[in-house]
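Q: Fold the following.
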Amino acid sequence: MSNIRLFFKESLSLNLTARLDKLQSHYVTKVMRIKMGETFSLFNSSGEWEAKILTLSKSIVEFNITKQLRQKESTKEIWLAFSPIKSNYFNFMIQKATELGITKFLPIIFDRTIVRKINKERLQKVIIEAAEQSNRINVPSIEEPQSLKDFLRNDKIDLIFTDLNSKNKKLDLKKLTENPTCIIIGPEGDFSEAERKLIFSFKGVQPIRINENILRSETAVISAISIINYCLDL
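A: As a prediction, this is how the structure comes out:
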């Protein structure tokens, strides 16, 4: 079987016969040069499956599911609450956060947020491509931008506050529950004092300093997720 992995949003099951869309069909046949009778893999939240090419009609690939390769994943929910940033850095940040295991993205409009709109369709493509490349099965979701106050109304999360002013450098694992662990990263100009007070009023919040230096937003995201992943795997 080839090493091609594609996200397939429709239901997958053994012996299913279906078609790829035009873009995926072009990628499989014209870019990767897969021919009739050869196989590749498809995945979604149901798991990962082997697909065999049956026909190539008008540049559309028809396939049949021959076997299941992996069951659906049961992973710890790790969310990322963040400020949108400029496009090129934004794509990079979303890509790397997906590779590192984030399960939900929550854009927050902070007082000092510069970029206040997002292109969800474009970002979803970045997320899917990163999931395909990184061997993930679950594809993270991305929410519409919201205010910090609205975000903090969800009390069913364990909030990790990446605070440049904190002296704490260790995560207290005993404070983590079965709720999703959510990392909150500030905008390029850092949190305002009013926002800091709001965050500290959240029940059970854990402030943590992830580095002695002032990090760019995308660097802070990668650093924070890596630290949390390491701690959760202990």
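Q: The residue lying closest to Lys72 once chain neighbours are set aside pairs with what?
A: Closest residue in space to Lys72, ignoring its immediate chain neighbours: Gly47 at 4.7 Å, by CB to CB, 6 or more residues apart in numbering. Where C-beta positions appear, they are placed from N, C-alpha and C, glycine not excepted. Beta-bridge pairing of Gly47 under DSSP bridges involves Asn44, Gln71.
Q: May I have the secondary structure class of Gly37?
A: coil (DSSP: H, G, I helix; E, B strand; the rest coil).
Q: Now do it: how many residues are near it, please.
A: Using other CB atoms under 10 Å, Gly37 is surrounded by 8 other residues.
Q: Next: Ile210.
A: Ile210: 24 neighbours (other CB under 10 Å).
Q: measure it to Gly101 for me?
A: 17 Å (CB to CB, to the nearest Å).
Q: Likewise for Leu176?
A: Taking CB to CB, one finds Leu176 at 15 Å from Gly101.
Q: Next: Trp49.
A: 22 Å.
Q: ok, these two, which is more surrounded?
A: Legend: neighbour count by other CB under 10 Å for Trp49 and Gly101, higher for Trp49 (22 against 19).
Q: Do you know the pLDDT at that one?
A: Trp49 carries a pLDDT value of 96.
Q: Correct me if wrong: Ser166 contacts Ile210.
A: No: using CB atoms under 8 Å, Ser166 is not in contact with Ile210; the gap is 9.3 Å.
Q: Any buried residues in the longest helix seen in the chain, and which?
A: Counting residues, the longest helix found in the chain (DSSP state H) is helix 217-232. The neighbour-count check on helix 217-232 (16 or more other CB atoms under 10 Å) flags Ser217, Glu218, Thr219, Ala220, Val221, Ile222, Ser223, Ala224, Ile225, Ile227, Ile228, Cys231 as buried.
Q: any chance of these in TSV, with pLDDT too?
A: Below are those laid out as TSV (pLDDT from 0 to 100):
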residue	pLDDT
Ser217	91
Glu218	94
Thr219	94
Ala220	94
Val221	96
Ile222	96
Ser223	95
Ala224	95
Ile225	96
Ile227	92
Ile228	92
Cys231	88
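Q: Just give me the closest of these to Lys96.
A: Ile222 (5.3 Å; CB to CB).
Q: Quick check, that closest one in contact with Ile102.
A: No: look at Ile222 against Ile102 with CB under 8 Å: they stay out of range, at 10.7 Å.
Q: Could you find the closest non-adjacent residue to the residue nearest in space to the middle of the chain?
A: The centroid of the chain falls nearest to Thr98 when counting by CA atoms, centre = their mean (3.5 Å). With sequence-adjacent residues excluded and distances taken as CB to CB, 6+ apart, Thr98 is closest to Ala130, at 3.8 Å.
Q: Let me know the helix or strand that Leu23 is in.
A: Here Leu23, judged by DSSP states H and E, is contained in helix 22-26.
Q: I'd like the mean pLDDT over that helix, please.
A: 94.
Q: For that helix, list every residue counted as buried.
A: Buried residues in helix 22-26 (16+ other CB under 10 Å): Gln24, Ser25.
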